[in-house]
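Asker: The sequence and its predicted three-dimensional model are supplied below.
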Amino acid sequence: MNLADESDASDGAVRIGIDLGGTGTRFVALDGEAVAASASFATPSEADATAVVAFLVEQVRAVASDRPIAYIGIGASGPVDAAGMIRNPDTLPAFTGVELRRPLIEAFGVPVTIDNDAVAAAVFEVRAGAARGFASTLVVTLGTGVGVAALRGVQPMRGADGQHPEAGHLSVNGADAPCYCGRSACFEQLVSRAALQRSAAALIAQSPAIPADGAAVIDQAAELARAGHPGALALFERFGTLLAAGVADLVTVFRPDCVVIGGSAARFSSEYSEAFQRRLSQLEVYRAHPGVRFSAAGDFGGAIGAALQEPRAQA
Ligand SMILES: [Zn+2]
């Protein structure tokens with residue numbers, strides 16, 4: 001990894017990054033520019049407050065592996081309030097409303113910042129990933145939900161209340177996709193990796209000759225598409241077209257120089273990028289079309305971004 005601007009780590013201390021997702025939780029220990037250690041776990045969904053704090057403390061200790069810790073950054077799925085409290089009963093029920101910062105500060109004696117996971121993923125892209133060197137960037141992460149972050153330089157833009165924009169809940173015209181937020185056509189319900197997985201599972205279920213393979217159903221659908229299967233081709237065509245509709249609205253609002261599509265669905269971009277680019281080029285976004293790049297962050301980009309985040313005051 002080649003960071004544009006690296007901070008102190010010459011005393012052997014590591015920066016810890018935690019990517020707290022709706023499905024998986026990833027930990028990294030960052031030694032300067034290098035990932036010294038990493039680990040990943042299923043996100044606890046039914047544990048009580050004591051257990052989730054114990055989980056974080058134990059895994060931070062394990063990933064740091066006896067080295068001093070300089071900082072702990074957490075990127076969490078969904079809303080995080082100005083005090084660093086997770087407010088996401090829909091995809092992080094066990095962590096919602098649980099005081100995490102104070103016990104981590106007490107356990108390790110270092111600054112702890114909790115922010116949204118789309119912000120952490122975006123910090124990775126502008127500091128170490130596909131968006132280095134751009135004056136303004138829009139990062140859209142397609143995971144359990146859809147996360148959106150807009151950045152001026154390396155600084156994430158925030159709403160009037162200091163929180164990140166919940167732009168995964170903008171509505172896509174003409175779609176029918178009920179969402180837990182009460183709207184009926186959310187971007188997040190259409191182009192998340194979870195949405196792609198649902199439609200891939202439905203497609204595979206129509207082909208009794210192919211046993212569905214859990215999380216690998218998207219790979220199975222991609223294989224069918226490459227073999228020219230009309231249903232699989234239509235699935236990725238629809239995904240790319242809907243993704244373009246949402247990204248076009250976001251580009252219209254935020255007017256970035258660079259767009260990065262990340263999250264676990266970025267891995268399948270070769271199946272839908274043509275439909276995506278075709279539809280995006282048809283939509284007026286009121287500026288020159290910015291270049292769109294698919295993230296090469298891999299599974300730990302969000303955790304690395306969380307470790308690289310500037311500490312924030314979160315009283
Ligand atoms: Zn919604």
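Answerer: Thanks, I have it.
Asker: Hmm, L235 and A221 touching each other?
Answerer: Yes. If you go by CB atoms under 8 Å, A221 and L235 touch, sitting 6.0 Å apart. The way it works is simple: take the backbone N, C-alpha and C, and place the C-beta from them, glycine included.
Asker: Mutual contacts of these two, please.
Answerer: Common neighbours of A221 and L235, using CB atoms under 8 Å, 6 or more residues apart in numbering, are S199, A200, L203.
Asker: okay, how far is it across stretch 39-50, tip to tip?
Answerer: End-to-end distance of stretch 39-50 (CA to CA, to the nearest Å): 21 Å.
Asker: Show me what that stretch is in contact with.
Answerer: 20-27, 51-52, 55, 59, 62-63, 92-94, 98-99, 299-300.
Asker: let's see it at 7 Å
Answerer: Identification of contacts with stretch 39-50 by CB atoms under 7 Å, 6 or more residues apart in numbering yields 20-27, 51-52, 55, 59, 62-63, 93-94, 98, 299.
Asker: sorry, back to before: which of A221 and L235 has more neighbours?
Answerer: Between A221 and L235, A221 has the larger neighbour count (other CB atoms under 10 Å), namely 29 against 23.
Asker: Please identify which helix or strand holds the residue lying closest to A212 once chain neighbours are set aside.
Answerer: For A212, ignoring the flanking residues on the chain, the nearest one in space by CB to CB, 6 or more residues apart in numbering is I204 at 4.5 Å. Secondary-structure assignment from DSSP states H and E places I204 in helix 193-205.
Asker: Quick check, pLDDT for the residue of the chain most remote from its centre.
Answerer: In terms of distance from the mean C-alpha position of the chain, A209 ranks first, at 34.2 Å (CA atoms, centre = their mean). pLDDT for A209: 79.
Asker: Please report the distance of it from V217.
Answerer: Using CB to CB, to the nearest Å, one obtains 15 Å as the distance from A209 to V217.
Asker: L233 now?
Answerer: Counting by CB to CB - L233 and V217 are separated by 16 Å.
Asker: more crowded one of those two?
Answerer: V217 (21 against 17).
Asker: who touches the more buried one in this structure?
Answerer: Q197, A200, A201, I204 are the contacts of V217 under CB under 7 Å, 6+ apart.
Asker: can you rerun that using 8 Å?
Answerer: Q197, A200, A201, L203, I204.
Asker: Pairing partners for the helix or strand hosting T113, with directions?
Answerer: Assigned by DSSP H and E, T113 belongs to strand 112-116. Strand pairing for strand 112-116, determined by DSSP bridges: strand 69-76 (parallel).
Asker: next one: the strand it pairs with to chain centre, how far?
Answerer: 16 Å (CA atoms, centre = their mean, to the nearest Å).
Asker: So what touches it?
Answerer: Outside strand 69-76, the residues that touch it by CB under 8 Å, 6+ apart are 8-9, 11, 13-20, 60, 86, 88, 92, 95, 100, 104, 108, 110-121, 302-303, 305-309, 311.
Asker: Buried ones among the residues you listed?
Answerer: Neighbour-count burial (16 or more other CB atoms under 10 Å) applied to the contacts of strand 69-76 gives 9, 13-20, 60, 86, 88, 92, 95, 100, 104, 108, 110-121, 302-303, 305-309.
Asker: Give me the subset of the residues you listed that lies in helices.
Answerer: Of the positions in the buried ones among the contacts of strand 69-76, 60, 104, 108, 117-121, 302-303, 305-308 sit in helices, assigned by DSSP state H.
Asker: Adding pLDDT and distance to A266, write the residues you listed out as JSON lines.
Answerer: Output for those, formatted as JSON lines (pLDDT from 0 to 100; distance: CB to CB, whole Å):
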{"residue": "V60", "pLDDT": "98", "distance to A266": "27"}
{"residue": "L104", "pLDDT": "97", "distance to A266": "30"}
{"residue": "F108", "pLDDT": "97", "distance to A266": "32"}
{"residue": "D117", "pLDDT": "90", "distance to A266": "15"}
{"residue": "A118", "pLDDT": "90", "distance to A266": "13"}
{"residue": "V119", "pLDDT": "92", "distance to A266": "17"}
{"residue": "A120", "pLDDT": "94", "distance to A266": "15"}
{"residue": "A121", "pLDDT": "92", "distance to A266": "10"}
{"residue": "G302", "pLDDT": "92", "distance to A266": "12"}
{"residue": "A303", "pLDDT": "96", "distance to A266": "16"}
{"residue": "G305", "pLDDT": "95", "distance to A266": "14"}
{"residue": "A306", "pLDDT": "96", "distance to A266": "18"}
{"residue": "A307", "pLDDT": "96", "distance to A266": "20"}
{"residue": "L308", "pLDDT": "94", "distance to A266": "19"}
